[in-house]
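[1] Have a look at this prediction, sequence included:
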Amino acid sequence: MDIEKLADEMLQRMEAMFRNRPHKMISELSKGEIFLLGYLLSCGGVARSSALSEALGTSTARIAAAGERMGGKGWG
């Protein structure tokens, strides 16, 4: 393969990757929502809102609101 052909293939694959739904979903998350996902992952996918609010340093109402937003983005 020549360099131009490899470069073209790489660009096509990168473009396909950026159109991929999980990538779009992740890019639409806020830093707090990414933290919540990471925390949930570390807890095996389950955590009480009180534990989440304590870990994030915010209220349980904000955790509930973030959960609603994430659900609306397809993470629920």
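    That came in fine, so what should we check first?

[2] When you work out contacts or count neighbours from here on, use the C-alpha atoms and nothing else.
    OK.

[3] and after the helix or strand bottoming out on mean pLDDT in the chain, which helix or strand comes next?
    Least confident helix or strand of the chain, by mean pLDDT, DSSP states H and E, is helix 21-27 with a mean of 62. Towards the C-terminus, the helix or strand next in line after helix 21-27, according to DSSP states H and E, is helix 31-42.

[4] From the rest of the structure, what touches that next one?
    When contacts are taken as CA atoms under 8 Å, 6 or more residues apart in numbering, the neighbours of helix 31-42 outside the stretch itself are 26, 46-47, 52, 56, 66, 70.

[5] Averaged pLDDT, that helix. What do you get?
    Mean per-residue pLDDT for helix 31-42: 84.

[6] first to last residue in stretch 38-58, what's the distance?
    The straight-line separation of the ends of stretch 38-58 (CA to CA, to the nearest Å) is 16 Å.
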